[in-house]
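Visitor: Return atomic coordinates for the entry below.
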Amino acid sequence: MDLAPAPDLRAGRSRKPFSVSRLLRRIVQIGLGLVLLWVALVFWLGLSYAIVPPVSTLMLGRWLTFQPVNRQYVSLDEISPNLPLAVLTAEDSRFCQHHGVDWDALRDVIDAADEDGPSRGASTIPMQVAKNLFLWPGRSYVRKGLELPIALYIDAVWTKRHMMEVYLNIAEWGDGIFGAEAAAQHYFRKPARALTRNEASLLARALPNPLVRNPAKPTARMRALAAQLRARMEVAAPYSDCLRL
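Guide: Down below sits the predicted model:
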């Protein structure tokens, strides 16, 4: 008895035609999934970095490309009080008053912007920490927009002292030089706890362009800026209470 051949089930299947809308929907779903994953990662790392020493994206990038990283994490108690006061005065004078974002300064910058964009920034120390830990270098409105909610979040879950400690341990002070301890040892051959007010002001003035400005060999302009900063530190000292125990 001859058996009839089994029917080809594939023949009855109809292939769905290519759909641009379905492809776009899948891309959006994947994009939203990645965004949610990134938000969860930021949330988890924000809590973890309140306990464990954090590393910046610049440091991770150097490790991944086999470049050296010089950083010795130290507590704020192991850093001369001159340095956090100098950095607060130079970078974020209302650090102890705002909650991650200085909305007044941000509004002033936006109001003063022209068709070429803002002529200066309004980044607070929490915003710079948010950028250094979770985002990428370079300027863009997208990155700046992401800085704001992250800065508000970490300012809510960290103390001001811990925020300053993290900032001073991840700030870049030269090619592969990260943190106050490495910078103090490299430029002044001393630990961070022994930094003088003059040395602290020079380190603070190097931060806007650490790959060019050398605190150990300051230009005349850099020395003048550091002298101006030291005068401002006298005025700012009463507003740095959040850094004290």
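
Visitor: Only C-alpha atoms from now on, for both contacts and neighbour counts.
Guide: OK.

Visitor: what about Val157, neighbour count?
Guide: 14 (other Cα atoms under 10 Å).

Visitor: One more: Val39?
Guide: Neighbour tally, Val39, other Cα under 10 Å: 13.

Visitor: Flag the shaky bits of the chain, pLDDT-wise.
Guide: 1-18, 111-121 (pLDDT under 70).

Visitor: what sits against the most centrally placed residue in it?
Guide: Of all residues in the chain, the one closest to the mean position by Cα atoms, centre = their mean is Asn132, 2.3 Å from it. Neighbour list for Asn132: Ser56, Thr57, Leu58, Ile170, Ala171 [criterion: Cα atoms under 8 Å, 6 or more residues apart in numbering].

Visitor: Most neighbours among these, which one is it?
Guide: Ile170 (25 neighbours).

Visitor: ok, the closest residue to Leu58 other than its chain neighbours to Arg244 distance?
Guide: In space, and not counting its chain neighbours, Leu58 is closest to Asn132: 7.2 Å by Cα to Cα, 6 or more residues apart in numbering. Applying Cα to Cα, to the nearest Å, the value for Asn132 to Arg244 is 24 Å.

Visitor: again, but for Leu58
Guide: In terms of Cα to Cα, Leu58 sits 29 Å off from Arg244.

Visitor: what's the answer for Arg223, then?
Guide: 28 Å.

Visitor: what about these two, which has more around it?
Guide: Arg223 (17 against 10).

Visitor: what helix or strand does the more buried one sit in?
Guide: Following DSSP states H and E, one finds Arg223 within helix 220-236.

Visitor: ok, Asn169 touching Phe178?
Guide: Yes: in this structure, Asn169 is within contact of Phe178 by Cα atoms under 8 Å, at 6.6 Å.

Visitor: Show me whatever sits in contact with both of these two.
Guide: Arg71.

Visitor: and Lys131, what does it touch?
Guide: Pro137, Arg143, Glu147.

Visitor: I'd like those residues written out as TSV, with neighbour count and secondary structure added.
Guide: Putting those into TSV (neighbours: other Cα atoms under 10 Å; DSSP: H, G, I helix; E, B strand; the rest coil) gives the following:
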residue	neighbour count	secondary structure
Pro137	10	coil
Arg143	14	helix
Glu147	25	helix
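
Visitor: Tell me the one of these nearest Val20?
Guide: Closest approach between these and Val20, by Cα to Cα: Arg143, at 29.7 Å.

Visitor: Following element in sequence after whichever strand or helix holds Phe43, please.
Guide: When elements are assigned from DSSP H and E, Phe43 belongs to helix 20-48. With elements assigned by DSSP H and E, the helix or strand that comes after helix 20-48 is helix 57-64.

Visitor: Right, I'll call it a day here.
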